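Q: Sequence and predicted structure below; questions after.
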Amino acid sequence: MHASLLLEQRVCRADVAVGSPGMGGAPRNLAPPQVPSRRSAVARGLLELLGGAVEEAGRGFEIVVCAQDGRNSTAGVREAGAKEERPMAKPRPDPAASDPEVEGFLALLAARRAPKTVEAYRRDLRALGDWLGGPPSKATHDDLERWLAELRAAGLSPATIARRVAAVRSFFRHLVLLGARTDSPAAALELPRRRRKLPRTLSPAEAQRLIEAAAGSTPRMMRDRALVELLYGAGLRVSEAVGLDRTGVDFEQRLVRCTGKGNKERVVPVGRHAVEALRRYLAHGRPYLDKRHRPELFLNAQGGALTRAGAFLILRRLAGRAGLEPERVHPHLLRHSFATHLLEGGADLRSVQEMLGHADLGTTELYTHVSDRRRRDVYFRSHPHARRRNVSGT
């Protein structure tokens, strides 16, 4: 084993090797270079201090004394033969992110679509780029057909595949409009058939049990009560509810001003129970949660804005207290219940569409099927000439 002394001073360098016992070699000294006496003394002192320890341990050390631009010398010691640290490998570049055409498309998309939509399109184009191993803009129709076949084989739901196809179609339509391509390889892609399931809802009694489960006088319970009343009483999406500011509620007119998908603003009426719960929360609950002076209406226990995940957890906890199935209860279930109960109460379809913020009336029509099915069940249970009899052998 050897120890070497390296004295680096731009134009001079000295290596001093010290032999260690058991290696068959005697210690040998090399003549030091002509360096200023003070630095030579520092080097000799370090070597004398470490020489004995090196010979006893049978291990080598490397001593480095450097001087640059007349500054004070520094010394470092490391074990001889130790591997030097290598720089971390750079991550593989994202094919979608490295494609300027994708970035240009997403920049234009951000001007007219919601941020979550832009992020979803980014993920979908990134997935396509990863599969291609190159920019998505270079894909051919055959590439996209094989990609879709693999998505189906992987077991992705028809809704997920349809969304990815929509992102790819929009991207190539953008390229055609810019003249970057003469045709869209995604135009003839065959979409999977999507089964539109009827939305699940709570009964009015179950909705009331969920609201009453939030009874309490603590700041958090008052917040939970106001949140549930607002979700059920106004039919807001969870992102719309947690994004509300304190000034978003008009207590005199009993209206809520929220921003929905595509940054579209709408005004929704709220009931008396929701207004009372919000007044109580703002007066006696929120001041104790507002530790950071936030503008949002709903705050968490740390004083920050309540998140979507926090709203989900609140509803699941309340569902457990109400004797409902926690995994079945989520914020959108209250939105479904809001629309269905309105239609059952005689509200017209167009008004419900406006309150929900649906761009397509066909989406709102799903709730009419739920309402019709429920009315049919009530009819068969209640009317004496419509009751279904059990078939017997007599």
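A: Done, it's in. Keep in mind the model is a prediction, meaning the values are calculated, not measured.

Q: my read: residue 352 touches residue 339, true?
A: Yes - using CB atoms under 8 Å, residue 352 makes contact with residue 339 at a distance of 5.5 Å. Every residue, glycine included, has its C-beta placed from N, CA and C.

Q: shared neighbours of the two, anything?
A: Counting by CB atoms under 8 Å, 6 or more residues apart in numbering, the shared contacts of residue 352 and residue 339 are 364, 367.

Q: between those two, who's got more neighbours?
A: Shown here are residue 352 and residue 339; by other CB atoms under 10 Å, residue 339 has more neighbours (26 against 21).

Q: separation between the more buried one and residue 252?
A: Separation of residue 339 from residue 252 (CB to CB, to the nearest Å): 26 Å.

Q: repeat for residue 125
A: For residue 125 relative to residue 252 (CB to CB), the value is 47 Å.

Q: Also residue 230?
A: Using CB to CB, residue 230 is found at 17 Å from residue 252.

Q: go on, residue 269?
A: 12 Å.

Q: Look at these two and report which has more neighbours.
A: Between residue 269 and residue 252, residue 269 has the larger neighbour count (other CB under 10 Å), namely 13 against 6.

Q: how about the strands of this structure, start to end?
A: 4-8, 61-66, 74-79, 249-250, 255-259, 265-269 (DSSP state E).

Q: for the protein, which spans come out with low pLDDT?
A: For the chain, the stretches with pLDDT under 70 are 1-98, 194-196, 370-376, 378-383, 385-394.

Q: one more time with 50
A: The model of the chain has pLDDT under 50 over residues 1-36, 42-43, 46-47, 49-91, 96, 391-394.

Q: how does it divide into domains?
A: Using automatic domain parsing, the domain parsing of the chain gives 4-79, 100-178, 204-381.

Q: Helices of the stretch 251-394 of the chain, start to end?
A: 272-280, 286-289, 308-321, 331-344, 349-356, 361-382 (DSSP state H, counting those that start in this stretch).

Q: Any chance you could give me the first one in CSV, C-alpha atoms only?
A: Extracted as CSV, the C-alpha positions of helix 272-280 are listed here (Å, rounded to 0.1, in the frame of the first residue of the first chain):
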residue,chain,number,x,y,z
ARG,A,272,-81.7,28.2,3.2
HIS,A,273,-80.0,25.3,5.1
ALA,A,274,-76.8,25.8,3.1
VAL,A,275,-76.8,29.6,3.7
GLU,A,276,-77.3,29.1,7.5
ALA,A,277,-74.5,26.5,7.6
LEU,A,278,-72.2,28.9,5.7
ARG,A,279,-73.0,31.8,7.9
ARG,A,280,-72.3,29.8,11.0
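
Q: got a list of contacts for stretch 136-155?
A: Taking CB under 8 Å, 6+ apart as the rule, stretch 136-155 contacts 95-96, 99, 101-102, 125, 128-129, 131-132, 160-161, 164-165, 168, 171, 175, 180-181, 185-186, 188-190, 192.

Q: which among those residues end up buried?
A: Among these, those classed as buried by 16 or more other CB atoms under 10 Å are 95-96, 99, 101-102, 125, 128-129, 131-132, 161, 164-165, 168, 171, 175, 181, 185-186, 189, 192.

Q: In helices, which of those residues appear?
A: Counting by DSSP state H, the part of the buried ones among the contacts of stretch 136-155 found in helices is 101-102, 125, 128-129, 131-132, 161, 164-165, 168, 171, 175.

Q: and which of the residues you listed is nearest to residue 366?
A: Using CB to CB, residue 161 comes nearest to residue 366 of those, at 21.0 Å.

Q: if I look at the closest one, how far off is residue 186?
A: 13 Å.

Q: still on that earlier bit, give me whichever of the helices of the stretch 251-394 of the chain is most buried.
A: Highest mean neighbour count among the helices of the stretch 251-394 of the chain (mean count of other CB atoms under 10 Å): helix 331-344, with a mean of 22.

Q: Extract the C-alpha trace of that helix and format it as CSV.
A: C-alpha atoms of helix 331-344 as CSV (Å, rounded to 0.1, in the frame of the first residue of the first chain):
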residue,chain,number,x,y,z
PRO,A,331,-68.4,14.6,-3.7
HIS,A,332,-69.8,13.8,-7.1
LEU,A,333,-72.4,11.5,-5.6
LEU,A,334,-73.9,14.6,-4.0
ARG,A,335,-73.9,16.4,-7.3
HIS,A,336,-75.8,13.4,-8.9
SER,A,337,-78.2,13.5,-6.0
PHE,A,338,-78.8,17.2,-6.4
ALA,A,339,-79.7,16.9,-10.0
THR,A,340,-81.9,13.8,-9.6
HIS,A,341,-83.8,15.2,-6.7
LEU,A,342,-84.4,18.5,-8.6
LEU,A,343,-85.9,16.6,-11.5
GLU,A,344,-88.0,14.4,-9.3
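
Q: report the angle between the axes of it and strand 265-269?
A: Helix 331-344 and strand 265-269 are oriented at 60 degrees to each other (axes from the mean of the first three to the mean of the last three CA atoms, to 10 degrees).
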